[in-house]
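Trainee: sharing a model that was predicted from the sequence below.
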Amino acid sequence: MTRDDDHGKSGYRLMTVVAAAAGAFAARKLLAVGWKIASGKEPPANPEHPAVTWPEAISWAVLSGAVVAVARLIAQKKVATSWHRSSGALPPGLKEEMPI
């Protein structure tokens, strides 16, 4: 592996980490607004707290986990697509064949 390959791999990793963090941050903010609109209450700051009901804690855990995971995936796929479009090659670590 050449030095340029190492820099490319490091650059790609940095871009995906930054994009995923930004996507997760934005998703949490949007989810909190959506939760407040839907329930009329602030989202639970700590779902483990005894004052938070089980249905509320589970709902928050499921929703926040799914929304943040999808937001991270969208951000990472956008970075991979941009990398592919600009370099003509797949990002470091991705294989040419598509998994089944």
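Mentor: Arrived safely, thanks for sending. What you see is a predicted model; the values in this text were computed from it and never measured. Numbers count the residues shown, from 1 in each chain.
Trainee: for the protein, give me the ranges with low pLDDT.
Mentor: Counting by pLDDT under 70, the chain shows low-confidence ranges at 1-7, 97-100.
Trainee: what about the helices in it?
Mentor: 3-39, 54-87 (DSSP state H).
Trainee: the one residue sitting closest to the centre of the chain: what's it in contact with?
Mentor: Compute the mean C-alpha point of the chain, and by Cα atoms, centre = their mean the closest residue is residue 72, 1.5 Å away. Residues near residue 72 by Cβ atoms under 8 Å, 6 or more residues apart in numbering: 20, 23, 24, 27. In short, each C-beta sits where N, CA and C put it, glycine included.
Trainee: try 10 Å
Mentor: Taking Cβ atoms under 10 Å, 6 or more residues apart in numbering as the criterion, residue 72 is in contact with 16, 19, 20, 21, 22, 23, 24, 27.
Trainee: for residue 94, which of the helices of the chain is the nearest?
Mentor: Nearest of those to residue 94, taken as Cβ to Cβ: helix 54-87 at 6.7 Å.
Trainee: please point out which parts of the closest one sit buried.
Mentor: Neighbour-count burial for helix 54-87 flags 56, 59-60, 64, 67-68, 71-72, 75-76, 79-80, 83 (criterion: 16 or more other Cβ atoms under 10 Å).
Trainee: and which of these is nearest residue 96?
Mentor: For the buried residues of helix 54-87, the nearest to residue 96 is residue 80 (13.1 Å; Cβ to Cβ).
Trainee: surely the closest one is in contact with residue 90?
Mentor: Yes - with contact defined as Cβ atoms under 10 Å, residue 80 reaches residue 90; the gap is 7.7 Å.
Trainee: quick check: chain neighbours aside, which residue is closest to residue 80?
Mentor: Computed as Cβ to Cβ, 6 or more residues apart in numbering, the closest residue to residue 80 that is not its neighbour in sequence is residue 91, at 5.0 Å.
Trainee: distance from the chain centre to stretch 24-40, please.
Mentor: A distance of 15 Å separates the centroid of the chain from that of stretch 24-40, by Cα atoms, centre = their mean, to the nearest Å.
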